[in-house]
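>>> coordinates for the following, if possible.
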Amino acid sequence: MAVSGTAYDPKGFSFLIAEQDAYGTANGAGGNSFIALDVDSIGSPTLGVVQALDVRSGSRVLQETDFHQSITQSIKEFSVSGTATTEGLDLLLSHFCLDASVPYVLASDVASASYKSGTTTTSNQILTIVFKSAFETNADLTFKDCLCTALSFSGDAGTEGGRIKFSATFQSGSVVEDLTDATTTIDQVITANNYYMSSWDADDRIIAGTANAVLSSFSLDLVNPVVFSGISAGGFEVATRSGEVGATASFSVVYDNNFVGMFEAFNGQTTATSKGITLMGSDNDPGDGAFEFQMPKSVITDVAFNEGSVMMLDITVKAIGAGIGSSADLIEVTC
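Sure, this is the predicted structure:
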């Protein structure tokens with residue numbers, strides 16, 4: 001085989017996601033739309049192959065009979081980050097929250113959900129992910145049965161005009177049959193439908209019940225873990241949403257008259273009090289059309305001075321449920 005003489009610009013590759021109709025069957029041509037996420041880079045999939053590399057008796061060297069590799073119990077993981085755009089964010093949030101409509105809600109009584117081969121899904125519960133090459137046919141990497149386990153958003157008033165960024169981590173416990181024979185069509189290209197911190201009104205920039213935050217930066221971190229179990233030729237038999245579902249937000253705000261009492265608020269929290277609302281929005285009821293989020297009940301988990309050009313406060317809050325058995329919202333996010 002001769003040297004091919006070709007090389008490719010990494011920026012020509014794309015990261016695509018699509019809704020999957022049934023667990024065990026990847027979305028393909030003629031199926032649901034593949035949406036291109038606006039990522040900084042596509043990263044690289046972690047294949048999670050299981051290898052045995054121990055030198056066994058009879059030799060001081062790893063022999064070919066010593067080596068073993070299995071992919072049936074491998075967890076594939078992918079992490080990407082980039083700019084939040086309308087089309088990709090709608091699918092990501094609907095999938096992550098198991099909610100088909102805006103606002104996307106994680107409830108206080110969010111239940112486990114399990115999937116096995118042949119399970120028909122709704123509300124974008126399962127995704128197919130494609131690492132797409134723009135230069136070669138039959139070179140796209142396709143992964144089925146993917147679930148987003150962590151989803152984060154952030155913004156900085158001093159960077160790109162406060163444009164909202166995102167990062168996401170996905171996992172799959174299913175075997176990948178072939179990583180070299182796919183060519184995928186992008187159905188929804190990247191758009192300029194971005195979101196900005198400047199859309200939030202002063203009265204609706206509320207942190208643990210304290211309003212009118214003069215905000216420098218923020219981050220919102222959501223987790224919804226998955227656990228894989230069983231074994232089959234196709235990989236793990238069952239994927240289950242299991243473990244703590246959580247929402248944490250961090251803010252850097254000006255230390256002004258409105259926030260001078262945050263140390264006392266943090267210190268004075270008790271079991272029965274200080275469950276203030278945390279809201280970043282353009283009105284008191286976040287709605288479709290802007291990136292907004294609301295924790296109806298939140299507790300402060302940290303407060304610290306941040307010495308910049310002016311004195312700032314770094315504040316972290318965590319969303320809490322309304323009590324066992326309550327169906328009240330833990331967090332709602334709109335876009």
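
>>> so where's the chain shaky on pLDDT?
123, 177-178, 180-182, 272-274, 283-289 (pLDDT under 70).

>>> where's G234 relative to G118, distance?
Using CB to CB, to the nearest Å, we find G234 at a distance of 11 Å from G118. Every residue, glycine included, has its C-beta placed from N, CA and C.

>>> residues that sit against both of these two, list them.
G24 (CB atoms under 8 Å, 6 or more residues apart in numbering).

>>> and the two? Which one has more around it.
In this view G234 and G118 are compared by other CB atoms under 10 Å, and G234 has more residues nearby, 15 against 9.

>>> the residue lying closest to S101 once chain neighbours are set aside is in what secondary structure piece?
For S101, ignoring the flanking residues on the chain, the nearest one in space by CB to CB, 6 or more residues apart in numbering is S94 at 8.0 Å. Using DSSP states H and E, S94 maps to helix 86-97.

>>> buried sites along that helix?
87-97 (16 or more other CB atoms under 10 Å).

>>> check which helices and strands the very next helix or strand once past that helix sits against.
Next in sequence after helix 86-97, counting helices and strands by DSSP H and E, comes strand 104-107. Helices and strands touching strand 104-107, by 3 or more CB pairs under 8 Å, 6 or more residues apart in numbering; DSSP states H and E, are helix 86-97, strand 329-334.

>>> can I get strand 104-107 as CSV, trimmed to CA atoms?
Only the C-alpha atoms of strand 104-107 are listed here, as CSV (Å, rounded to 0.1, in the frame of the first residue of the first chain):
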residue,chain,number,x,y,z
TYR,A,104,-37.5,21.5,30.2
VAL,A,105,-37.9,20.3,33.7
LEU,A,106,-36.2,18.0,36.1
ALA,A,107,-38.7,17.3,38.8
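
>>> neighbouring strands - and their directions - for it?
strand 329-334 (antiparallel) (DSSP bridges).

>>> burial of T85, as a residue count?
So T85, with other CB under 10 Å, has 22 neighbours.

>>> thought it was touching A36?
No. Under the criterion of CB atoms under 8 Å, T85 is not in contact with A36, lying 9.2 Å apart.

>>> can I get the helices and strands packed on strand 104-107 in CSV with distance to F143?
Below are the helices and strands packed on strand 104-107 laid out as CSV (distance: least, CB to CB, whole Å):
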stretch, distance to F143
helix 86-97, 14
strand 329-334, 25
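
>>> which one of the ones you listed lies closest to E77?
Closest approach to E77 among the helices and strands packed on strand 104-107 (CB to CB): helix 86-97, 15.8 Å.

>>> by contact count, what packs against the closest one?
strand 14-20, strand 35-36, strand 104-107, strand 126-132, strand 141-156, strand 165-172.

>>> compute the inter-axis angle for it and strand 126-132.
Inter-element angle recorded for helix 86-97 and strand 126-132: 140 degrees (by axes from the mean of the first three to the mean of the last three CA atoms, to 10 degrees).

>>> next, the residues that contact helix 86-97 from outside, please.
Residues outside helix 86-97 that contact it (CB under 8 Å, 6+ apart): 17, 19, 35-38, 99-102, 104-106, 123-127, 147-148, 151, 166, 168, 188, 191, 193, 195, 222, 224, 291, 333, 335.

>>> show me how to select, in ChimeraX, the buried members of these.
Entered in ChimeraX, the line below selects the buried ones among these, by 16+ other CB under 10 Å:
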select :17,19,35,36,37,38,99,102,104,105,106,124,125,126,127,147,148,151,166,168,188,195,222,224,291,333,335
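
>>> go through the helices and strands packed on strand 104-107 and name the closest to T183.
helix 86-97 (21.2 Å).

>>> and the closest one, how far out from the chain's middle?
Averaging C-alpha positions (CA atoms, centre = their mean, to the nearest Å) puts helix 86-97 9 Å from its chain's average.

>>> okay, that helix in CSV with CA atoms only?
Output of helix 86-97 as CSV, limited to C-alpha atoms (Å, rounded to 0.1, in the frame of the first residue of the first chain):
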residue,chain,number,x,y,z
THR,A,86,-31.2,26.8,19.5
GLU,A,87,-31.5,23.5,17.5
GLY,A,88,-28.8,21.5,19.4
LEU,A,89,-29.8,22.8,22.8
ASP,A,90,-33.5,21.9,22.3
LEU,A,91,-32.6,18.3,21.6
LEU,A,92,-29.9,18.1,24.4
LEU,A,93,-32.2,19.5,27.1
SER,A,94,-35.2,17.4,26.0
HIS,A,95,-33.1,14.3,26.1
PHE,A,96,-31.4,15.1,29.4
CYS,A,97,-34.5,16.0,31.2
